[in-house]
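S.K.: got a predicted structure here, sequence first:
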Amino acid sequence: MTAKNTASRLRHLLTLQQEVQTPDGAGGYARSWQDVADLWGEIIPLTGSGSSAKGSGKETLFAGQLQAQISHRILLRYRPGITAAMRLVYGDRTFNIRMVADTQEKKDTLELLVQEGVAA
């Protein structure tokens with residue numbers, strides 16, 4: 001993504017969230033999500049067999065457990081500190097981040113591989 005066409009492609013306003021664990025009083029923790037920032041990005045559904053308008057996704061059996069696979073790619077302006085422990089929210093849709101890459105290594109844009117609608 002070049003600087004020239006970045007603004008026109010980043011049309012989805014996403015909320016970056018991080019997990020917060022609060023003591024529950026019984027020795028455990030309650031999990032919730034806290035907003036970190038609002039970011040403009042591009043949501044790109046990945047295509048493949050069985051794809052839909054919201055992207056493709058399939059589940060496979062690995063080591064006796066059902067594993068969901070990547071469904072979308074999200075492009076953002078570079079922002080340090082985004083990790084796979086975070087998620088993005090767009091309207092009523094949730095995208096769990098599975099990989100973060102500065103693919104051009106210019107600290108210009110980030111490419112996130114995400115999984116939609118699956119608990120992190």
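M.R.: Arrived safely, thanks for sending.
S.K.: need the contact partners of stretch 12-23.
M.R.: Contact with stretch 12-23 is made by 29-43, 74, 76, 79, 82, 85-90, 95, 120, as judged by CB atoms under 8 Å, 6 or more residues apart in numbering. Quick note: C-beta positions are derived from backbone N, CA and C, even for glycine.
S.K.: among these, which lie within strands?
M.R.: When DSSP state E is applied, the contacts of stretch 12-23 are split such that 29-43, 74, 76, 86-90, 95 fall in strands.
S.K.: filter the residues you listed down to the buried ones, PyMOL style.
M.R.: Buried subset of these, written as a PyMOL selection, criterion 16 or more other CB atoms under 10 Å:
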select buried, resi 39+41+42+43+74+76+86+87+88+90+95
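S.K.: just list whatever residues bridge to the nearest residue to residue 90 once chain neighbours are set aside.
M.R.: Leaving aside its chain neighbours, residue 90 sits nearest to residue 14 (5.1 Å; criterion: CB to CB, 6 or more residues apart in numbering). Legend: beta-bridge partners of residue 14 under DSSP bridges are residue 39.
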